[in-house]
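Peer 1: Return atomic coordinates for the entry below.
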Amino acid sequence: MGFDLTLSWLLLGLPLAFIFGWIASRLDLRQLRIENRQVPKAYFRGLNFLLNEQQDQAIDAFIEAVQNDPDTSELHFALGNLFRRRGEYDRAVRVHEHLLSRGDLSQADQQRAQHALALDYLKAGLLDRAETALLKLEGTPFEAQARLALLANYERSRDWLQAAQVAQKITSAKQGDLSNRLAHYLCEQAATCLTHQALDQAASLLQEAIETAPEAPRPRIDLAKLLSHQNQPQEAYAALEKALVSSPAATPLIAGLLAEFARPAGQATQALALLKTNYALSPSLDVLDAIVLLQAIAQGAPRTARDWYVQHLEREPSLVAAAKWIAGEKLEHEQFHPQVQRALDHAVKPLMRYRCAACGFEAMQHFWQCPGCQAWDSYPAKRVEEL
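Peer 2: Next up is the predicted model:
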């Protein structure tokens, strides 16, 4: 009897459960339709304008959507980013500040808004406000991005001490290897010390830079210049010798200084032999000029400057070397020599420049940081003609 009653209830309950399930699904579909109707049409119009790269119309549509639904944070983020891309930084700042003032915003969105606000300040050139905003991102998922932005901020303001501290944090946290850039910051601090005649402090900073990036050429080159300034030619020459070993790619930058410091250090013959070896491995105009300079000093050196330039022309089709060779030659029509020489010098001048590998900015002197794009170590050690 009990079994029959249970079976009856079961047979009755199955249809009821099916009916209730069907009703619940219809209610869910109805709710979904209601929510879809509530999404502002202006939002979709804004997306359409954005896809068609019509930013003005997209901004107007997003502003309308935000007015209809002011609690939608994603619309605010989209609107703020559009303002920043168009260069309307004050409006972007107001949007992101409004987001930060909302008490119902999640922690993730607050951090996102803080990062967006910092970018607004950076783009607007408000470096002090950008620094304050970026420092608030320590310990957040945006920490690595904030530190890189903070690094660029300190570079723009030439605050090398703060830049060095941030670079050390990035390297220590394994968010990137910035040892070479840190060495540059230390060299920049040393240069500041030199302007204030703090020679011991400058030497200490350069030694720290060498330890930080042993393969970087700049710290040893700057140290050699400092030692030469302190009337220590032998120590200066030794520093450049170490630079040749640790940074062979920078030999063209080192060769001229090596030839200059070799004579007071009594190392002209040794320097000539060293440069000849390097030239044989990798011909370079700057190394060639250093060899020619030392050729007249070193004893027992049979070759003249003319011979070296001819040898270089045999290995490399160099207009610069040809111009320097002709400068020391007697032409058949010698009365036209000055005009010919002037034309050649004018032609080779652009070939003697250095060119940034990142942006193509050219300059007559070598830069460790490009004046155009601000990239570090983007200038090859060789001239334009040799690239």
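Peer 1: Return the set of buried residues in stretch 277-291.
Peer 2: Going by neighbour count (16 or more other Cβ atoms under 10 Å), the buried part of stretch 277-291 is 278, 279, 283, 284, 285, 286, 287, 288, 289, 290, 291. Every residue, glycine included, has its C-beta placed from N, CA and C.
Peer 1: in terms of contact, does the fourth one touch residue 256 like I think?
Peer 2: No - under the criterion of Cβ atoms under 8 Å, residue 284 is not in contact with residue 256, lying 10.7 Å apart.
Peer 1: Now do the domain split for this protein, please.
Peer 2: Using automatic domain parsing, the domains assigned to the chain come out as 303-347, 349-387.
Peer 1: Quick check: buried residues in the last one?
Peer 2: The one in question is domain 349-387. Going by neighbour count (16+ other Cβ under 10 Å), the buried part of domain 349-387 is 351, 354-356, 361, 366-370, 376-383, 385-386.
Peer 1: among these, which are in strands?
Peer 2: Secondary structure assignment by DSSP state E places 354, 355 of the buried residues of domain 349-387 in strands.
Peer 1: Quick check: which of the domains of the chain is nearest to residue 165?
Peer 2: Residue 165 lies closest, by Cβ to Cβ, to one member of the domains of the chain: domain 349-387, at 17.2 Å.
Peer 1: can you give me the end-to-end distance of the closest one?
Peer 2: With Cα to Cα, to the nearest Å as the measure, domain 349-387 spans 15 Å from end to end.
Peer 1: how far does that domain sit from the chain's center?
Peer 2: The chain centroid and the centroid of domain 349-387 are separated by 14 Å, computed with Cα atoms, centre = their mean, to the nearest Å.
Peer 1: Let me see the mean pLDDT of it.
Peer 2: The average pLDDT within domain 349-387 is 86.
Peer 1: Same check on stretch 187-199?
Peer 2: Across stretch 187-199, pLDDT averages out at 91.
Peer 1: Buried residues in it, which are they?
Peer 2: The neighbour-count check on stretch 187-199 (16+ other Cβ under 10 Å) flags 187, 188, 189, 190, 192, 193, 194 as buried.
Peer 1: same question, stretch 74-92
Peer 2: For stretch 74-92, by 16+ other Cβ under 10 Å, it's 75-84, 88-89, 91-92.
Peer 1: Check stretch 256-271 too.
Peer 2: In stretch 256-271, counting by 16+ other Cβ under 10 Å, buried: 257, 258, 259, 260, 261, 262, 263, 265, 267, 268, 271.
Peer 1: contacting residues for the fifth one?
Peer 2: Yep, that's residue 261 we're talking about. 224, 228, 233, 236, 237, 240 (Cβ atoms under 8 Å, 6 or more residues apart in numbering).
Peer 1: repeat that with 10 Å
Peer 2: Taking Cβ atoms under 10 Å, 6 or more residues apart in numbering, we find residue 261 in contact with 224-225, 227-228, 232-241, 267, 271.
Peer 1: what's the first-to-last distance across stretch 346-356?
Peer 2: Taking Cα to Cα, stretch 346-356 runs 22 Å from one end to the other.
Peer 1: again, but for stretch 309-322
Peer 2: Span of stretch 309-322 from end to end, Cα to Cα: 7 Å.
Peer 1: Ok, stretch 189-200 next?
Peer 2: End-to-end distance for stretch 189-200: 12 Å, by Cα to Cα.
Peer 1: Okay, and residue 95 sits in which element?
Peer 2: For residue 95, the element it lies in under DSSP states H and E is helix 89-101.
Peer 1: Could you identify the most distant pair in the buried residues of stretch 256-271?
Peer 2: The most widely separated members of the buried residues of stretch 256-271, counting by Cβ to Cβ, are 257 and 268 (13.8 Å).
Peer 1: and of the buried residues of stretch 187-199, the nearest to residue 206?
Peer 2: When the buried residues of stretch 187-199 are compared for distance to residue 206 (Cβ to Cβ), residue 190 wins out at 5.0 Å.
Peer 1: Could you measure from the closest one over to residue 105?
Peer 2: 46 Å (Cβ to Cβ, to the nearest Å).
Peer 1: And residue 248, by the same measure?
Peer 2: Distance check for residue 248 against residue 105: by Cβ to Cβ, it reads 55 Å.
Peer 1: Then residue 218?
Peer 2: In terms of Cβ to Cβ, residue 218 sits 46 Å off from residue 105.
Peer 1: Please give the number of neighbouring residues around the residue nearest to residue 220 when sequence neighbours are not counted.
Peer 2: Distances taken as Cβ to Cβ, 6 or more residues apart in numbering place residue 243 nearest to residue 220, at 3.8 Å, with adjacent residues excluded. Applying other Cβ atoms under 10 Å, we find 26 residues neighbouring residue 243.
Peer 1: List the contacts of residue 243.
Peer 2: Neighbours of residue 243 in contact, by Cβ under 10 Å, 6+ apart: 210, 215-221, 223-224, 250-251, 253-254, 257-258.
Peer 1: which one of those sits closest to residue 110?
Peer 2: residue 216 (40.3 Å).
Peer 1: so where's the stretch 151-300 of the chain uncertain?
Peer 2: Residue ranges of the stretch 151-300 of the chain with pLDDT under 70: 297-300.
Peer 1: Residue 151 and residue 176, how far apart?
Peer 2: In terms of Cβ to Cβ, residue 151 sits 10 Å off from residue 176.
Peer 1: No further queries at this time; thank you.
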